[in-house]
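Undergrad: give me a 3D structure for the following:
(5 chains, ligands or ions: 4)
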Amino acid sequence: ACKGSENSSEGNTETTPKETEKEKEEKPEEKTEEPAETSEFPLIVDNEGEAIKGGTLKVALGTDSPFQGIFSWVLYEDGYDADIMAYSSNAIFATDGDFLVNDKGIATLEVDQANNKAIVKIREGVKWSDGEPLKIEDLILPYLIIGHPDYQGIRYDGDFQNIVGAVEYHDGKADTISGLKKIDETTLEISFQKLSPAIFSVGDGLWSYAEPNHILKDIPIGQLLESDAVRKNPVTLGAFKIDKIVPGESVQFVRNEHYWKGPAKLDGVLLKAVPSTSIAAAIQSGEYDMTAGSLPATKYPEVKDFDNITILAQPELSYSYLGFKLGKFDTVNGISVMDPNAKMGDVKLRQAMGYALDVEQVNEVYYDNLRSRANSLIPPVFKSFYDSSLKGYYYDKDKAIEILDGAGYKDTDGDGFRETPKGEKLEIKMAGMAGDAIAEEMAAFWMQNWADVGLKVVLSTGRLIEFQTFYDKVEVDDPEIDIYMAAWGTGTNPSPAGLYGKNAAFNFSRFTTPELDALLTAIDSPDAFDPAFRANAFREWQEYMEENAQVIPTQFRTAIYTINDRVKHYDVNYDTEFDLNEVELTADAPAKSTK
Amino acid sequence: MWKTILRRVLVMIPQLFVLSLLIFILASFMPGDPFTGLITPESDPNRLEELREAAGFYDPWYVQYYNWIVNAAQGDFGKSYTYKIAVADLIGDRALNTFWLSLLSVVLLYLIAIPLGVLAGRYQDTFLDKTIVLYSFISYAIPTFVLSLIFLFLFGYQFHWFPTTGTVDIKYDQGSWGYIWSKIYHMLLPAITYAILGTTGVIQYLRSEIIDSKSMDYVRTARSKGIPIRKVYSKHIFRNSLLPIAAFLGFTITGLLGGSIFIETIFGYPGMGQLFVQSITSRDYSVITALVLLLGFLTLLGSLLSDIIMSIVDPRIRID
Amino acid sequence: MSFMQINDLHVHYPIRGGFFNAVVDNVLAVDGISLEFEKGKTYGLVGESGCGKSTTGKSIIGLEKVTSGSIIYEGEDVTNKSRNRNSSFNKDIQMIFQDANSSLNPRKRVQDIIAEPIRNFLKLSDLEEKRKINELLAIVGMPEDAKLKYAHEFSGGQKQRIGIARAIATNPKLIIADEPVSALDLSVQAQVLNYLKDIQKELGLSYLFISHDLGVVKHMCDHISIMYKGRFVESGNRQDVYQSPQHIYTKRLLSAIPTIEPSTRESRKRERITVEQNYQKEEYQYFDEDGRVFDLYSLSDTHKVAMTTTNKEVIHKVAMTTTNKEVI
Amino acid sequence: MTGELLTIKDLHTGFRIKDTYYDAVDGVSITLKKNEILAIVGESGCGKSTLATSIIGLHDHNKTKVQGEISYNGLNLALLDEDNFNKVRGEEIGMIFQDPLSALNPLMRIGEQIEEGLIYHTNLSKDAREKRVLELLSQVGIPKPKRVIRQFPHQLSGGMRQRVIIAIAISCKPKIIIADEPTTALDVTIQAQILDLLIDLQAETGAGIILITHDLGVVAEVADRVAVMYAGQIIEEAPVDELFSNPQHPYTRSLFNSIPQMNSEDDKLQVIQGLVPSLVKLPRTGCRFSSRIPWIPARAHEENPILHEISPGHLVRCTCWQHFHFEGERGGSFQ
Amino acid sequence: MSVNVGNVKDINENIISSPPTGIQVIAREFKKDKLAMFSLIGLVTVILGIYVAAFFLDQETLMKVSLRDKFAEPGDKFFLGADQGGRSILAQLILGARNSITIALSVTIITGIFGIAVGLITGYFGGLIDNIFMRIIDFFITIPVLMIIIVFVVIIPKYNVVTFIFIMSAFLWVSTARLVRSKSLTESRRDYVNASKTMGTGDAKIIFTEIMPNISSILIVDMTLSFAGNVGLETGLSYLGFGLPQSVPSLGTLVSYANNPLILQEKWWVWLPASLLILLLMLAINYVGQAIRRSADARQRLG
Ligand SMILES: Nc1ncnc2c1ncn2[C@@H]1O[C@H](COP(=O)(O)OP(=O)(O)OP(=O)(O)O)[C@@H](O)[C@H]1O
Ligand SMILES: Nc1ncnc2c1ncn2[C@@H]1O[C@H](COP(=O)(O)OP(=O)(O)OP(=O)(O)O)[C@@H](O)[C@H]1O
Ligand SMILES: [Mg+2]
Ligand SMILES: [Mg+2]
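TA: Residues are numbered from 1 along each chain as shown, chains lettered A, B, ... in the order given. Ligands and ions are numbered 1, 2, ... in the order given. As a prediction, this is how the structure comes out:
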């Protein structure tokens, strides 16, 4: 998977579940038709009016806690920092609608599949925001940071170790990573242990950002985090550069005169952190032109009536799902072991539970259809991998009842709830995550849905569980949990091996079969460099998952963006080549809503 | 006096020690840890385990505590897991923000409460008094966040009288007058809200102090000297009633520091209270522990400060 | 024969301070006094405010911890014995408090107040208890219907009488009366004093009568001790103390008492001034460097006076020679 | 008479209790002369302090009603408003309070507290005021006055504080000093000193002093003239020698008999039956003392008792005095 | 040695015939103070009403979400409208008030009992016991209560009304204990206590039958105020998300809906009734507490 596009991991009261992806760098091609509702919203906005000269774009960062302010792609952990850095991006690759690297970026990628090598070439004449030219050393540096023994972040992981020599370097046995080779002033060759199709979406250990070697080389890796070069005046490659920071609160960007696509039209960008409770009011009163990152879908009702903005929408790279606990993780051997006697072991029961959920109503009432019933574990954005023909699980109460009746779940003691085919009482404990503004209502609604088909579902621990605790419990296979409602962000590489493989710790349902493993291996196998093969592997896998229903996808998500009427043109499309340097304003101050 | 202060400070040490132990044990019981927050399909569970190992989360709590307290004794409270900077630096900034906010709140609070309390006490049982008492009860009864939100929407977003977020406008350079004013300006709305909510105690206390003082013998003595009644009030009644309140200053400030959670969360003001809530959710143990300790310490300091003020303003109390 | 002896009683209150709030010094509230009580007698304790009168009384009855010295009751050492219902000492020594108001629980009816010692010390049936209460009320001259009232419904004098009724409920031998009348008006004071005397005659009680009013003490007491800074400066019977005071402090105290003869005020003032001048001049002889009163020596069987620097030496020599003699 | 400083005529001071006013001082008429110490004695609650506060106007105006005439220097103090009263208070009339522990502001230095009155009633300069304060302190017999002015009340003993209060009262050389039980809270030795001080002061300044007390001994020591109060009224008034040698009103006589005499060996003290009636229950007509001497027949009392001058300067209320005898004794016959 | 003890009090004492600080005095104070009387009656009626009404309501059915009724306006179907989950606000108000009051009351009673016992005992005995408890209390004072409660809320695995009550109680008894201790200290030095001691009455009896009744007014005042404070604390914790789960209705959860600006501005029926109820409850409690306090202090009494 692509480590560069880390998702938001901030643990706060932010209203979207935490693992939702916040992707912005990639703006790939044409959008999918599915789900239909999203198409009600535009992806692009054009506003009337003469553009003023210069001007400052005002951006609100909706957060309840100060941003951390680690402005380095190798070091940051908080999604908000990524949202901020988006304005001064260091990304070297550009990607298309399938999130595959194309040649529109600073660097191009060539894969030598036979030798497990990737060749990265950079454009000439690209300059850092301080005027220094971009060099191959700047591309090598991030690898040397992540692999360094003093590096404390999470990016030194299995994928990274796929780079030849990374482990030796990390263990201190080598001074540098042997797999990185500077061919000439514009070419870098990277050797990998093995390659998969993920390399094209910047996976397998490939890194998609440059770090300014001329600034950072003198700073010991252990002290980078505290250094001014990261916290106060980072040198960047993007359309804007950071001019001034009030830590945790606001950032002022100015035009990067050295931007390789040409200087921005705006004078700068002013970004401020705004508490999530007042973000809507802030948009309404015209204090800001837009938000950094998307606006949580639950905020939509608050902003939908404002007449000073255009709301853009973009499908998210994530899905919500219902998971069933079917075994335990054997931590010694690092594999999932299924429990043949698991309470949720009956696939019929699981399927019935999937049909019983009236997700459609929730989507309509609470999300204004900004979320849609998911039919697959691959979001539709991945057009070539997504299997639109899957039926999935949809709301069908009668079908659920029918399945349950057929499987022998009957109410034998007349309490209104079904017993197991063996006649034992069936009480299913559900773990739900707290935090979302409507999490409580949704959990209550799900339980009601199940009660409607005669299943007794109660909350584990008696209430919704807060994010940290939730994963803590789910991870250790807490016996209090039979089923759980969660969500995954997929990143740009939708390969599911890390989430459903036999030895994936994140395979929380602990469902594992040889077939499944075979299907997963196929997806990332060398054969899969053939797109057709890979697409097929994905398809087969999706079908298998639907059949077994150890996780049932429930919702696909759509991200919304509010763009003020004074912004002349804005675009959230994945595949157009819109860039921030093109943004123009038509007035001196953002428009106010009259409502 | 210095000896007493020194003694009080020394007595604080075991108290803080026990507090640190308590909070440390509690923190170790908290489900999840700072790395749980990093879970994404892309994160490598093995790397997370490695980081946990390195952070010492698998050591027994007493080993962790020992390591922590040894460092803490040297002023090193560890690093924030979320902010990746020294806890001392992180809290230092936030504490300062909270401190200034509390201080401004206290000033405003006293500016509001003292005249009201004095009037209520002086014109006891009149309509004025009853109105003031009613006001004080209402300000006590109204939930903090309701008033805060209303003020924020009204004066912040509706009328644009006050800035709505942050501590300072980015356009000023640190240290300039504009910068200082901007800081105060940003604190003003939360501080006013805070002050209004906090007035009850002072008004009530002052009112009953004044009512009590009025019937004191020394007031009768003062009146028998034939000095104008307003002088009797200002030199005898007010002064004597105000002193205990002045002496509460230490307590009041620490009280406000502790109660800052709501205000800071609502006004997006990056202070200690907000940091605490955030650290709880992100399981930033080192910050949680340090914050609780700091607040405990400040509470002790506040009570010491109160005692010192008391001994300065009230000649009857001497600490030696 | 005396039924109770107080020997060299000391009561010290610690003064805390310094570094860990340690005891840095002591208030010598009572600093070595001895007393004996005989049946049916009244013992007066007089002195200026803060000289330790109340402390003496309270430590005898066990409300204050005795630092050193002993209290012997009928041959038994009762010093610092914890108070309990079964000891005869506790039953036999009772107390009347200065502030009648605060010594009666405002939440209790008179009958419950008076019944308290009865219930604790005497095992009486309900009927007997009732009778006893009526009897006690009659002794202190209160109507029976007072039983159902609360203390605050009575005047100061009546309250004090309720206090007396309570104190005599267990037929005590000794009542410690700590300024029982100083909060009362003249005429009420007279009432209470009369009752105290009547009851004494009737029940053969002894009193330790604490007061700062020399007139009242003279009226009430057979034996009077003048106290100063926790020690006795002089003690003796009425005659001894009032007619031939020896210690300079006693003289000064006596001279300060106003009389109700306006005609003599001029001469009394003059006398007062002379005494005061004398006091200033000779004070040093009567107290040691710390201002502490010297030990007592006997002038006669009844009359004891604190020594002065001069006679202290004399007596000391005498003592030395006597002991020497014995040694030889 | 030329020496009259203060004339009180038919003074009624009532407290509001449950919306009705009850007179605690009920028709008091009395005069104070120059150079005189007038003692007012009586039991607790008979209205002595109320009389004093009425004169100096320190009562709570919301709850108290003062009627009658208190004339001083051509002014009726009873009708004076607060501002004008402040010109009299402190400057012309000084007051000494009972409890020296609480009568001084604990947070102000002694010097300031004495100086306060001087600021408003004199136009002395700051230095002059300080000189005067020092002078006052030595006048009331405080050693080391230079140090004392910088001290706080709690650093002084009770006797010293009472002296400071006296210094405050006399700071503006008032013509009248009202002392409400100035020695009740003090030890006898200190009481004697304070009383001597009062006499000396009066001899020096020639002020008229109203001395309120319940201690007949104190009266005997210092007073020139005595008024005995009972239940809000003066029931007997006489020069001190006359009163002590020839008390007439049954109440006065009873009081004298209830003193434990320094030199009497009497076993029994005289007791006055019954209770002082509370303010609300006070009989407003007839002889107020009659209920406490029930053995004296009703006809011995006057219907509306007035003060009778039985010898020059000796006034007694009600005619019952003529027929009074102690209970159990044989009384005089009726005429 | 003062001869004159509280003139005003004398008058009172002669008129009435009951203990001077007892229930009657409080009753008289209420009769004098119409507002307090009104508050008391209102408080009792509202609380009783809430409990009775809540008794007839079934929490489970009422808390059933009905998405289509999201934010239904006040009207026929829902008298006070519905919340985000389409649940009746009125029912939640009643149940929530019941829960909040129960919590506040339980916490008040638990902390009251514990605090009073500790305060009375330490104040009465003094010495070593007092010293030990004062150290403990000193320690508790250093604890930032709100923070520690939040930490506890996070830790406790089974988090419900009962555990919530205990967590709150564990840290809130201290101030009561301190107050009671100081009162008990002065009261213990009064002569009627000494008198009881000299008459052989046991310590426990003196503490609980003599001292406690005499400081009962202060205790009541303290309890009313801490009751009010506890209501506030519960609300605040709910707001921060550390209170009761939303499925357990409480006033705090209702008010915290106001956190959403849309609801605050447009869906007033969701948060306003609960806020008003809290406001009125607090006002009433304060007026009642004020009257009781006055009755405990002779100087401020009205009647
Ligand atoms: N609990 C205590 N702690 C410390 N010192 C005390 C205590 N009780 C009394 N004292 C001190 O002991 C001394 C004697 O006090 P005591 O009450 O016996 O005097 P007293 O002669 O009864 O005075 P009074 O006439 O004022 O009642 C005083 O100096 C007093 O300050
Ligand atoms: N502020 C007041 N309100 C109502 N009644 C009062 C007030 N002050 C005094 N009284 C009553 O007025 C009567 C006279 O009181 P006053 O204080 O004048 O008596 P006193 O002779 O000075 O008594 P003492 O010797 O105790 O000082 C008493 O019955 C008292 O209860
Ligand atoms: Mg005493
Ligand atoms: Mg008086």
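Undergrad: quick one: the helix or strand where A:His214 lies near chain B?
TA: For A:His214, the enclosing helix or strand under DSSP states H and E is helix A:213-216. No - contact between helix A:213-216 and chain B, assessed by CB under 8 Å from any CB of the partner chain, is absent, since the two come no nearer than 16.0 Å. All C-beta spots, glycine's among them, are computed from the backbone N, C-alpha and C.
Undergrad: contacts for that helix?
TA: Counting by CB atoms under 8 Å, 6 or more residues apart in numbering or on different chains, helix A:213-216 makes contact with A:128, A:130, A:132, A:135, A:137-138, A:140-141, A:145, A:224, A:227, A:229, A:235, all of which sit outside it.
Undergrad: what parts of chain D come near ligand 2?
TA: If contacts are counted using CB under 6 Å from any ligand atom, the residues of chain D sitting beside ligand 2 are D:15, D:17, D:24, D:42, D:44-50, D:63, D:214, D:279.
Undergrad: and these, which is closest to chain E?
TA: Using CB to the nearest CB, D:Ser44 comes nearest to chain E of the residues of chain D next to ligand 2, at 5.1 Å.
Undergrad: and that closest one, how many neighbours?
TA: Other residues near D:Ser44 come to 21 when the count uses other CB atoms under 10 Å in any protein chain shown.
Undergrad: that one reaches C:Ala183, doesn't it?
TA: No - the pair formed by D:Ser44 and C:Ala183 falls short of the contact definition of CB atoms under 8 Å, at 9.6 Å.
Undergrad: output stretch B:9-29 in PDB with nothing but the alpha carbons.
TA: Taking C-alpha atoms only, stretch B:9-29 is exported to PDB below (Å, rounded to 0.1, in the frame of the first residue of the first chain):
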ATOM      1  CA  VAL B   9       6.600  23.200  49.400                       C
ATOM      2  CA  LEU B  10       8.400  20.300  51.000                       C
ATOM      3  CA  VAL B  11       5.100  18.900  52.200                       C
ATOM      4  CA  MET B  12       3.800  19.100  48.600                       C
ATOM      5  CA  ILE B  13       6.400  16.600  47.400                       C
ATOM      6  CA  PRO B  14       4.900  13.400  49.000                       C
ATOM      7  CA  GLN B  15       1.500  14.600  48.000                       C
ATOM      8  CA  LEU B  16       2.500  15.000  44.400                       C
ATOM      9  CA  PHE B  17       4.300  11.700  44.600                       C
ATOM     10  CA  VAL B  18       1.200   9.900  45.700                       C
ATOM     11  CA  LEU B  19      -0.800  11.700  43.100                       C
ATOM     12  CA  SER B  20       1.700  10.700  40.400                       C
ATOM     13  CA  LEU B  21       1.500   7.100  41.500                       C
ATOM     14  CA  LEU B  22      -2.300   7.200  41.400                       C
ATOM     15  CA  ILE B  23      -2.500   8.700  38.000                       C
ATOM     16  CA  PHE B  24       0.200   6.500  36.700                       C
ATOM     17  CA  ILE B  25      -1.600   3.300  37.800                       C
ATOM     18  CA  LEU B  26      -4.900   4.600  36.400                       C
ATOM     19  CA  ALA B  27      -3.300   5.500  33.100                       C
ATOM     20  CA  SER B  28      -1.800   2.000  32.800                       C
ATOM     21  CA  PHE B  29      -5.300   0.600  33.200                       C
END
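Undergrad: one step back: report the two of the residues of chain D next to ligand 2 separated the most.
TA: Checking those against each other with CB to CB, the farthest-apart pair comes out as D:Lys63 and D:His214, at 24.6 Å.
Undergrad: when the two are compared, which one has more neighbours?
TA: Set D:Lys63 next to D:His214 and count neighbours by other CB under 10 Å: D:His214 wins out with 21 against 12.
Undergrad: which residue ranges of chain B form strands?
TA: In order along the chain, chain B carries no strands (DSSP state E).
Undergrad: center of it, which residue is that?
TA: Nearest to the centroid of the C-alpha atoms of chain B, with distances taken as CA atoms, centre = their mean, sits B:Leu257, at 1.3 Å.
Undergrad: mind listing what that residue touches?
TA: Contacts of B:Leu257 by CB under 8 Å, 6+ apart are B:98-99, B:102, B:272-273, B:295, B:298.
Undergrad: by neighbours, which of the residues you listed wins?
TA: Ranked by neighbour count under the definition other CB under 10 Å, the contacts of B:Leu257 are headed by B:Met272 with 30 neighbours.
Undergrad: verify the contact between it and B:Ala95 for me.
TA: Yes - between B:Met272 and B:Ala95 there is a contact at 5.3 Å, judged by CB under 8 Å.
Undergrad: so which of the contacts of B:Leu257 belong to helices?
TA: Among those, the residues falling in helices (DSSP state H) are B:98-99, B:102, B:272-273, B:295, B:298.
Undergrad: helix, strand or coil for the closest residue to C:Gly230 other than its chain neighbours?
TA: Nearest non-adjacent residue to C:Gly230, counting by CB to CB, 6 or more residues apart in numbering or on different chains: C:Asp31, 3.6 Å away. C:Asp31 falls in the strand class when you classify it by DSSP: H, G, I helix; E, B strand; the rest coil.
Undergrad: tell me, how many residues neighbour the nearest residue to C:Ile168 once chain neighbours are set aside?
TA: Counting by CB to CB, 6+ apart, C:Ile168 lies nearest to C:Ile199, which is 6.0 Å off, once chain neighbours are set aside. Neighbouring residues of C:Ile199 were enumerated by other CB under 10 Å; the total is 19.
Undergrad: then C:Ile199 would be within a helix, right?
TA: Yes - with three-state DSSP as the criterion, C:Ile199 is assigned to a helix.
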